[in-house]
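**Student:** Give me coordinates for this.
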Amino acid sequence: MSNNHQADPAKRARLRWRARRGLLENDLIVTRFLDAHEANLTDEEVDAFSRLMDLSDNELMDLLLARKEPVGEVDLPHVHALLARLRAA
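**Tutor:** As a prediction, the model looks like this:
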């Protein structure tokens, strides 16, 4: 499958760029997770990651610290699964 995330260096670079956050705490958590798991992310996990990166820094921080749970467009099983992995990173 030539159009998936892992096969496309440009997509991988964009994912890493989107992971850069304004809040240092978010940046540290997300970067540490990508450093450990980026090479093995499935396309579904990349979709979940992208959805989380669309959130504001404060919304993302609340999710990462388990102060809130996903709602609305990010209240999806694969987002919950990736969030659990991010929280454990």
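**Student:** Any idea how many residues pack against Leu34?
**Tutor:** 18 (other C-beta atoms under 10 Å). (Each C-beta comes from the backbone N, C-alpha and C, glycine too.)
**Student:** That one - nearest residue in space that isn't next to it in sequence?
**Tutor:** Residue nearest to Leu34 in three dimensions, not counting chain neighbours: Ala19, with 5.7 Å by C-beta to C-beta, 6 or more residues apart in numbering.
**Student:** now stretch 49-61, how far from the centre of its chain.
**Tutor:** 8 Å (C-alpha atoms, centre = their mean, to the nearest Å).
**Student:** Who are the contact partners of Arg85?
**Tutor:** By C-beta atoms under 8 Å, 6 or more residues apart in numbering, the contact list for Arg85 reads Phe33, His37.
**Student:** Contact partners for the residue nearest to Leu34?
**Tutor:** Residues near Ala19 by C-beta under 8 Å, 6+ apart: Asp27, Val30, Thr31, Leu34, Phe49, Met53.
**Student:** now do 7 Å
**Tutor:** If you count contacts by C-beta atoms under 7 Å, 6 or more residues apart in numbering, Ala19 has them with Val30, Thr31, Leu34, Met53.
**Student:** which of those has the most neighbours?
**Tutor:** Top of those by neighbour count (other C-beta under 10 Å): Val30, with 23 neighbours.
**Student:** What residues does the residue nearest the centre of the chain make contact with?
**Tutor:** With distances taken as C-alpha atoms, centre = their mean, the residue of the chain nearest its centroid is Phe49 (2.8 Å). Residues near Phe49 by C-beta under 7 Å, 6+ apart: Leu15, Leu82.
**Student:** what's the spacing between it and Ser56?
**Tutor:** Remark: distance between Phe49 and Ser56 (C-beta to C-beta, to the nearest Å) = 16 Å.
**Student:** And Ile29, by the same measure?
**Tutor:** Counting by C-beta to C-beta, the gap from Ile29 to Ser56 is 15 Å.
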